[in-house]
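Participant: starting from these lines, generate the structure:
(one chain, ligands or ions: 1)
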Amino acid sequence: MALVGRGLELDVVIREILHLLSELLGLNRGRVVLPDEKGRFAIRYAYGLTPEEIARGVYELGEGVTGTVLRNRQLIVVQDIDDDPLFLGRAVSRAHLPQEKVAFIVMPIGGFRNEAGVIACHRLRHRNRELADDITILQIVSSLISQLLQLKAAVEEQNQALQQQNVLLVQALESATIRYGIVGHSPALLQAISALERVSDSPSPVLILGRSGTGKELFARALHLASSRREHPFIKINCAAIVQSTFDMEFFGYERGAFQGAREKHIGLLEQANTGTILFDNIDELSLNIQGKLIRSIEAASINRIGSRSRIPINIRVVATSTQDLQRLTEEKAFRYDLFYHLNIIPVRLPSLVHRKEDIPLLVEYFLNQFNQRHDRSISLSPDAVHYLTEQNWPGEIRQLSSFLERTVLLSTKCILKMRDIHLLLKGDSEAFLQIDQNRNERQEVRSNPSIRPYESVLSHSKEEILNALKINRGNKSRAAKMLGITYRQICYRIKKLSIS
Ligand SMILES: Nc1ncnc2c1ncn2[C@@H]1O[C@H](COP(=O)(O)OP(=O)(O)OP(=O)(O)O)[C@@H](O)[C@H]1O
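Facilitator: Residues are numbered from 1 along each chain as shown. Next comes the predicted model:
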């Protein structure tokens, strides 16, 4: 039994068992016949047989003694091999066996993976021990070999599964999902990811376009991570939140004593981003004046801190995002054409969810996992509920889908939500969203006429609308403002005026 502990080198273990059978019991030239890859049966393990004898030991089902045992699964004892027409003597020729009477025992090996097998050996007829004793021992050995074969098959299966898992893991690691947190496998998304990876190492600016909530910022971060600048700073500028009067200070920095109150030197954002990436999120929100300052600094690749005469070289990769058609904005003189042409060298357009519905189930699973973990819940959706979500329109794109699922995880009292539950939850959600979206469209119509300067009264949105927008955007004022079609400053003003806390 110590043999079995030697590990799963079956060649060694079974050969040793056959060796012991021969040495201790005189059951000679033992062999184990198993199916081969061609669907025949062949000697797989043997002791006391030459390689040529092993190679000859190939049997069809029902052929000779071995083939008969393989077919009928019944022990056969050939008392005298010279006297049994069924005995083929295929592997070992008679001349190589002792002159005296030789018996041949063939015993089936118990079921492993539905495969038939046998163990067979020669036995000199006239021995002291009873044949019945030898048969009992062979039965034990047969059952042991059967267990070893089963164990080997199980280990191989597990190895295969592990190898498969390993392949999947490597694929997953190589996939953008793991690397950058971008979920989805639709052709439209993969195309955008491959465009991103192609340009990741170029120093050229990248303009990421797409509707609000399609993942532009996520892509910008992914671009940085995919580039050789990944170890360097990534600075995100929310263009909607830039205040005109403090722009120079924030962006170029200042020297100590540059103006009253400049007690310490301050490094501006452009300098902070040096050697890294700077993201101008919603760049269309920048005023023309600021656009001008920016393009001058970018083109000069240097800045002047306020209060200093020397220029500081900066090496930054510029990435900008926009929900707008910047070309149209340049035609309408709402966006500087030099900045547009500078940014538009590599435009990457992110697809809307409506053009990649096949990503929705993956996103649902991803967000459910994320929110279940975050809120310590275990909410899941039935397949019809996921299908229902896939069929919906998501005007707020992935951000809306993600906030809907977070609310669902938080509010749900059931563990498994069916289509009907989702329908009810979604109804309330989209009514609020559509109301906001409609108001925004009305305002955008006014904006598209450049001669009309949109006047947004503080009463342009009800308290409820603002609250809803804040709720959908999880309190993020800048995104809520974007959704409502007003600027960051405008939403802050309204929040104050309407006493929204
Ligand atoms: N493919 C994606 N996989 C996983 N999460 C995503 C994906 N795309 C977007 N998200 C998530 O959706 C939310 C919105 O994405 P993001 O802020 O990047 O959108 P955006 O296009 O920059 O929006 P906006 O124009 O309003 O600034 C984020 O929480 C982001 O992580």
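
Participant: pass me the low-pLDDT residue ranges in this structure, would you?
Facilitator: Within the chain, the stretches falling below the threshold (pLDDT under 70) are 1-8, 111-115, 165-166, 168-179, 428-460, 485.

Participant: who in it is up against the ligand?
Facilitator: 181-184, 210, 212-218, 281-282, 321, 323, 398-399, 402, 479, 482 (Cβ under 6 Å from any ligand atom). In this view, the C-beta of every residue, glycine as well, is placed from N, C-alpha and C.

Participant: are any of those buried, and if so which?
Facilitator: Buried members of the residues of the chain next to the ligand, scored by 16 or more other Cβ atoms under 10 Å, are 182-184, 210, 212-218, 281-282, 321, 398-399, 402, 479, 482.

Participant: longest single helix anywhere in this structure?
Facilitator: When the chain is scanned for its longest helix (criterion: DSSP state H), the result is helix 131-174.

Participant: counting contacts, what elements does it pack onto?
Facilitator: Judged by 3 or more Cβ pairs under 8 Å, 6 or more residues apart in numbering; DSSP states H and E, the packing partners of helix 131-174 are helix 10-25, strand 27-35, strand 102-112, strand 115-124.

Participant: I'd like to know which of those lies nearest to N315.
Facilitator: helix 10-25 (62.6 Å; Cβ to Cβ).

Participant: circling back to that earlier point, as JSON lines, the helices and strands packed on helix 131-174 with mean neighbour count would be great.
Facilitator: Shown next, in JSON lines, are the helices and strands packed on helix 131-174 (neighbours: other Cβ atoms under 10 Å):
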{"stretch": "helix 10-25", "mean neighbour count": "17"}
{"stretch": "strand 27-35", "mean neighbour count": "23"}
{"stretch": "strand 102-112", "mean neighbour count": "20"}
{"stretch": "strand 115-124", "mean neighbour count": "21"}
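
Participant: do you have the strands of the stretch 351-500 of the chain handy? List them.
Facilitator: Counting by DSSP state E, counting those that start in this stretch, one finds strands in the stretch 351-500 of the chain at the ranges 380-381, 416-417.

Participant: in its sheet, which strands sit next to the last one, and in what direction?
Facilitator: Taking DSSP bridges as the criterion, strand 416-417 sits next to strand 380-381 (parallel) in its sheet.

Participant: which residues sit against the partner strand?
Facilitator: Contacting residues not belonging to strand 380-381 are listed as 364, 368, 389, 415-417, 422 [Cβ atoms under 8 Å, 6 or more residues apart in numbering].

Participant: pick out the most distant pair among the residues you listed.
Facilitator: The largest separation in these, counting by Cβ to Cβ, is between L389 and C415 at 17.4 Å.

Participant: those two - which one has more neighbours?
Facilitator: Neighbour comparison, L389 and C415: the larger count goes to L389, with 23 against 9 (by other Cβ atoms under 10 Å).

Participant: pretty sure the more buried one contacts V364?
Facilitator: Yes - because the distance of 5.8 Å satisfies Cβ atoms under 8 Å, L389 is recorded as touching V364.

Participant: between the two, what contacts are shared?
Facilitator: Listed contacts common to L389 and V364 are 381, 401; contacts here mean Cβ under 8 Å, 6+ apart.

Participant: now A320: how far from the ligand?
Facilitator: Remark: distance between A320 and the ligand (Cβ to the nearest ligand atom, to the nearest Å) = 11 Å.

Participant: quick one, what contacts that residue?
Facilitator: Each residue near A320 by Cβ under 8 Å, 6+ apart is listed here: 205-208, 279-281, 283, 343.

Participant: and which of the residues you listed is nearest E52?
Facilitator: Relative to E52, and with distances defined as Cβ to Cβ, the nearest of these is V206, at 69.7 Å.

Participant: so what's that closest one up against?
Facilitator: V206 is in contact with 196, 199, 220, 223, 317-320, 343, 345-348, counting by Cβ under 8 Å, 6+ apart.

Participant: before we move on, back to that, so of the buried ones among the residues of the chain next to the ligand, which ones are in strands?
Facilitator: Cross-referencing those against strands under DSSP state E gives 281, 321.

Participant: in this structure, what residue lies closest to the ligand?
Facilitator: When scored by Cβ to the nearest ligand atom, the chain has G215 as its residue closest to the ligand, at 2.6 Å.

Participant: touching, that residue and L350? I think so.
Facilitator: Yes - using Cβ under 8 Å, G215 is in contact with L350, at 5.9 Å.

Participant: which neighbours do the two share?
Facilitator: If you check G215 and L350 against Cβ under 8 Å, 6+ apart, no residue is contacted by both.

Participant: give me the number of residues near L470?
Facilitator: L470 has 20 neighbours, counted by other Cβ under 10 Å.

Participant: for I303, same thing?
Facilitator: Other residues within reach of I303 by the criterion other Cβ under 10 Å amount to 24.

Participant: so which residues make contact with the helix or strand it falls within?
Facilitator: Using DSSP states H and E, the element containing I303 is strand 302-304. Applying Cβ under 8 Å, 6+ apart, the external contacts of strand 302-304 come out as 251-253, 268, 270-271, 297, 310-314.

Participant: filter those down to just the buried residues.
Facilitator: Listed as buried from the contacts of strand 302-304 are 251-253, 268, 270-271, 297, 312, 314; burial here means 16+ other Cβ under 10 Å.

Participant: in CSV: those residues, plus distance to V141 and secondary structure.
Facilitator: Shown next, in CSV, are the buried ones among the contacts of strand 302-304 (distance: Cβ to Cβ, whole Å; DSSP: H, G, I helix; E, B strand; the rest coil):
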residue, distance to V141, secondary structure
F251, 84, helix
F252, 87, helix
G253, 85, strand
G268, 83, coil
L270, 81, helix
E271, 80, helix
S297, 85, helix
I312, 84, strand
I314, 80, coil
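
Participant: the stretch 301-450 of the chain: helices as residue ranges?
Facilitator: Along the stretch 301-450 of the chain, the segments classed as helices by DSSP state H, counting those that start in this stretch run 326-331, 337-343, 360-375, 383-391, 397-411, 419-447.

Participant: which of the ones you listed sits closest to N289?
Facilitator: Across the helices of the stretch 301-450 of the chain, the minimum distance to N289, taken as Cβ to Cβ, is reached by helix 337-343, at 11.9 Å.

Participant: list the buried residues in that closest one.
Facilitator: The neighbour-count check on helix 337-343 (16+ other Cβ under 10 Å) flags 339-340, 342-343 as buried.

Participant: farthest pair within those?
Facilitator: That would be F340 and H342, which, of the buried residues of helix 337-343, are the farthest apart (Cβ to Cβ) at 7.2 Å.

Participant: of all the helices of the stretch 301-450 of the chain, which one is nearest G475?
Facilitator: Nearest to G475 among those is helix 397-411; the distance by Cβ to Cβ comes to 10.8 Å.

Participant: what packs against that closest one?
Facilitator: Using 3+ Cβ pairs under 8 Å, 6+ apart, the elements in contact with helix 397-411 are helix 360-375, helix 419-447, helix 463-472.

Participant: tell me the SS of I290?
Facilitator: Three-state assignment for I290 (DSSP: H, G, I helix; E, B strand; the rest coil): helix.

Participant: distance of it relative to T323?
Facilitator: 18 Å (Cβ to Cβ, to the nearest Å).

Participant: same question for S186.
Facilitator: Taking Cβ to Cβ as the measure, S186 and T323 are separated by 20 Å.

Participant: what does G89 give?
Facilitator: Here the distance between G89 and T323 works out to 86 Å (Cβ to Cβ).

Participant: ok, the contacts of V206 vs I135, which is closest?
Facilitator: Where those are concerned, and distances follow Cβ to Cβ, I135 has its nearest neighbour in L196, at 71.8 Å.
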